[in-house]
Structure formats: C-alpha cells, structure tokens
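Novice: All I have is the shape, not the residue letters:
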C-alpha cells in the first residue's frame, strides 16, 4: 500500500512539472477527498439533528432510523457519536413504552440493545452523567441490580455540583428492591438541597416510596408540595388521586383524576395522540371511572387495593436477572471509568467529599449500618455498601 501511494505521488509530481493545469488537478485530488469527507460528516451530523426533531415530535421510528443512519455512517466525531448512541438508546425505550411487548424475552432484548448503545456511548464519553443514568436504567430493567447500583454510584461522583438525578435514581433502585429506608434516604438528600427550579421530581419519587409503605397521607403531602411547582404533572395528580382513594377521600381523588385527564387532553395534538394510545393513560381513565363508581356505590372496574398497583406504574417488585445478560455484554460496564469509581468509594468511606461535608452541615449525619447483601428473587445476592451520608430518619418526620 505504501508503494502504491509513493508511486502515485511521484507520478503526480511528474505531471505537475509537465503541466501546471494537470499538476493542479492531480494535487487537488486528496483535497477533493477531504471535501467529500467533510460533506459526509455534515450530512451525518444533520441526521442527528433530524433524529432530535423527530423525537421531539414523537415520531419515534423516524428518530430511530435517523440516529441509526448517523451512527452507521462512521462520520460522527466521538462526542457526537456518543450523543447519537445515547439518544438512540432512549428512543428504543420510548418505542417500548408505546408498544409494550407481551414476550418478556423480546422486551429484555430491547433493553439489551439499549444497554449496548449506552455502554458504547460511555466508552466514548465516560464522564457524561446522563449516559450513566441511562445505562443504570437499562441494567435495572434487566434485573442487574448490582451493576445498576455501581453505575449510579459512579454517576454520583461526577454529578456536580449536586448529584440530584443520581440520588433520585438510587432512591428508585432501592425502592424496587424493597429497601424503603434507603430509598427515602436518597430522596431526603435531594430535598435537603431542594430548589424551586427542580420542581416536582424529588417530591414525586419520595411519594411513590411512601405510597409503597402505605403512608398515604404523607404521600399526599409530598405530592402537594411538588404540585405547587408543577400543577399539571400528570403522574403526580394520578398518584395523589390513588393516595386519596386509599384514605377514603373520594371527592379529593375525583378532583385529582379530573385534573389528570384534563392535563392529558391539554397535551399538544401529536403527543396526546401518541400517549393516549398507551396503556398507562388508559389505566388512568379506568381508575377515574372506578372513583366515580365508588362515589355512586356501584360496581367498580378496579378494586381499591389495585389502584396504582399495575405494571403500568413505576416502583414494582424486583425481577429476576435476565438470562440474556452475558459476560460479553457486561464487559464494557465492568471496565468502565475507574477514576470516578475510586472517587465515589473514597467519598463514601472517608467522607472527604466537599459536597457531603456541606450536606452534613444542613442535615444531621449518621452511620447507616446495613446488611452487606440483599437476596433477589432468583437467589442472586447483590452487594449493598455501608455508607455514611447525611440522612433524615423518616420515622422522625
């Protein structure tokens, strides 16, 4: 190959000496290739932009196709490639949300593909928090709780200045594992540094844990605080309605379900069309009908104990680890950014992280001594660290 390139260069030089016109054309050939590459890179980049536009307009299949074409072009730089992979992985989730699969193996295959997209993205950009959070989400939905927990701890170490969503995702993880004490711990961490700009999320996710604990009045109070910031938050209105049903406050429950349906109807046309075809919003409509039936003392399509208990709602029971998770699939995660992981471990064990020290000044700190393992339904054991974090004991609230 080197000989051919060198021969081509000598031939060009001779032509250039014989004729400036021919020589200019010959020397210009590599520049033409560079121009073609630049044009291809620009086209690939525009495909990513097109994917973003399609995703914003809820054209998920078109968005997936655009991201895939950009990724497969091999003309994206590393930063843009990582972004496209992350967006494609999230698009897979949107497609699965709108068209749930009855076959668990097919659903797991989608999450495997998501995980592979996120792992590739993380290898390219190891300190982008959103990529780590998405990777942890895919792991959790595949039942890989140990790996999801570790990924979220990595995210905490680089999620600056306040690891807000990293804490929220850890709270979700522990809620799914049934460790409600640790779940509330992370949501209280978030709320101890709460600002209005964060809006609903910490209140909403804490309310779910309280709901799972059967503390329905506290769930209502948490959601009411969040709804002051986001009064049209559909999930919060629905969950507060569920909590009111459990408390027997049927008029309040009806008001919340009415507000939730009104918020759904107020969605932009395309979003409303897409979302209303989803089982979640169909479930909201059914629960609203059930509340009306309770008020009229007639037969209800849903028993009270089934409100906010279907698979269409978050915070379910832990699942078994997917058999599709192989060592080869998990290898990129195992070999991920060690610097962030070391910082997370040091911060937890020595409490030297300035964020944590500042937090202890706002919220009383205590040692959280826990069993160092948690048995999952399939017999797998997931490790839980002994942590020293600022903590608000929910039983003291």
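Specialist: On my side now, so go ahead. These numbers come from a predicted model, not from an experiment.
Novice: For residue 128, what are phi and psi?
Specialist: phi -100, psi 110 (degrees, to the nearest 10).
Novice: hmm, I was thinking of residue 57
Specialist: The phi/psi pair for residue 57 (degrees, to the nearest 10) is phi -90, psi 10.
Novice: host element of the closest residue in space to residue 227 that isn't next to it in sequence?
Specialist: Leaving out its chain neighbours, the residue that sits closest to residue 227 by CB to CB, 6 or more residues apart in numbering is residue 236, at 5.7 Å. Where C-beta positions appear, they are placed from N, C-alpha and C, glycine not excepted. Remark: residue 236 resides in helix 234-247, with elements defined by DSSP states H and E.
Novice: ok, now residue 156?
Specialist: Using DSSP H and E, residue 156 falls within helix 145-158.
Novice: which parts of the helix holding residue 236 are buried?
Specialist: Buried residues in helix 234-247, counted by 16 or more other CB atoms under 10 Å: 234-246.
Novice: same deal with stretch 86-100?
Specialist: Going by 16+ other CB under 10 Å, stretch 86-100 has these buried residues: 86, 87, 88, 89, 90, 91, 92, 93, 94, 96, 98.
Novice: Can you tell me the SS state at residue 94?
Specialist: Classification of residue 94 using DSSP: H, G, I helix; E, B strand; the rest coil returns helix.
Novice: Tell me how many other residues crowd the closest residue to it other than its chain neighbours.
Specialist: Among residues not flanking residue 94 along the chain, residue 60 sits closest, at 4.9 Å (CB to CB, 6+ apart). Taking other CB atoms under 10 Å as the criterion, the count of residues near residue 60 is 21.
Novice: Surely residue 60 and residue 98 touch.
Specialist: Yes: applying CB atoms under 8 Å as the test, residue 60 and residue 98 come out as touching, 6.9 Å apart.
Novice: where along the protein do the strands fall?
Specialist: 365-368, 373-375, 381-383, 387-390 (DSSP state E).
Novice: hang on, the earlier thing: give the full set of residues in contact with the residue nearest to residue 94.
Specialist: Counting by CB atoms under 8 Å, 6 or more residues apart in numbering, residue 60 touches 54, 91, 94, 95, 98.
Novice: mind running it again at 6 Å?
Specialist: 91, 94, 95 (CB atoms under 6 Å, 6 or more residues apart in numbering).
Novice: Buried residues in stretch 114-131, which are they?
Specialist: 114-126, 128-131.
Novice: ugh, typo on my part, it should be stretch 219-237
Specialist: 219-220, 222-223, 225-227, 229, 233-237.
Novice: what does stretch 180-189 give?
Specialist: For stretch 180-189, a neighbour-count test (16+ other CB under 10 Å) marks 180, 182, 183, 184, 185, 186, 187, 188, 189 as buried.
Novice: Contact partners for the last one?
Specialist: Put plainly, it is residue 189. Listed by CB under 6 Å, 6+ apart, the contact partners of residue 189 are residue 167.
Novice: roughly how far apart are it and residue 183?
Specialist: 11 Å (CB to CB, to the nearest Å).
Novice: what do you get for residue 148?
Specialist: 14 Å.
Novice: where does the stretch 51-200 of the chain have low pLDDT?
Specialist: Residues of the stretch 51-200 of the chain meeting the criterion pLDDT under 70: 194-198.
Novice: And the helices in it?
Specialist: Using DSSP state H, counting those that start in this stretch, the helices of the stretch 51-200 of the chain run over residues 60-72, 78-98, 104-124, 129-141, 145-158, 164-176, 180-192.
Novice: okay, those in a markdown table with distance to residue 250 next?
Specialist: Below are the helices of the stretch 51-200 of the chain laid out as a markdown table (distance: least, CB to CB, whole Å):
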| stretch | distance to residue 250 |
| --- | --- |
| helix 60-72 | 37 |
| helix 78-98 | 30 |
| helix 104-124 | 36 |
| helix 129-141 | 35 |
| helix 145-158 | 38 |
| helix 164-176 | 27 |
| helix 180-192 | 27 |
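Novice: who's in contact with stretch 131-145?
Specialist: 86, 89, 111, 114-115, 118, 121-122, 147-148, 151-152, 154-155, 165, 169, 173, 319-322, 325, 382.
Novice: I should have written stretch 288-296 there, sorry.
Specialist: 250, 253, 254, 257, 300, 301, 302.
Novice: do that again at 10 Å, thanks
Specialist: The contact list for stretch 288-296, computed with CB atoms under 10 Å, 6 or more residues apart in numbering, reads 238, 241-242, 244-245, 248, 250-258, 260-261, 298-304, 306-307.
Novice: Filter those down to the ones in helices?
Specialist: Secondary structure assignment (DSSP state H) places 238, 241-242, 244-245, 250-258, 260-261 from the contacts of stretch 288-296 within helices.
Novice: Report the set of residues contacting both of residue 148 and residue 183.
Specialist: Common neighbours of residue 148 and residue 183, using CB under 10 Å, 6+ apart, are 170, 172, 173, 176.
Novice: of all those, which comes closest to residue 209?
Specialist: residue 172 (8.8 Å; CB to CB).
Novice: That closest one contacts residue 184, correct?
Specialist: No: using CB atoms under 10 Å, residue 172 is not in contact with residue 184; the gap is 11.8 Å.
Novice: Could you tell me which residues touch both of the two?
Specialist: Looking at what touches both residue 172 and residue 184 (by CB under 10 Å, 6+ apart), the common residues are 205, 209.
Novice: Let me see the confidence value for residue 322.
Specialist: pLDDT, residue 322: 93.
Novice: which residues does it contact?
Specialist: Applying CB under 10 Å, 6+ apart, the residues contacting residue 322 are 104-105, 107-109, 111-112, 115, 139, 141-144, 329.
Novice: which of those residues count as buried?
Specialist: Buried, going by 16+ other CB under 10 Å: 107, 108, 111, 112, 115, 139, 141, 142, 143, 144, 329, out of the contacts of residue 322.
Novice: Could you check how far the first one is from residue 143?
Specialist: Here the criterion is CB to CB. By it, residue 107 lies 12 Å from residue 143.
Novice: same check, this time on the last one
Specialist: If you measure residue 329 against residue 143 using CB to CB, the figure is 13 Å.
Novice: Repeat that for the fifth one.
Specialist: In this structure, residue 115 and residue 143 are 12 Å apart, going by CB to CB.
Novice: shared neighbours of these two, anything?
Specialist: 322, 325.
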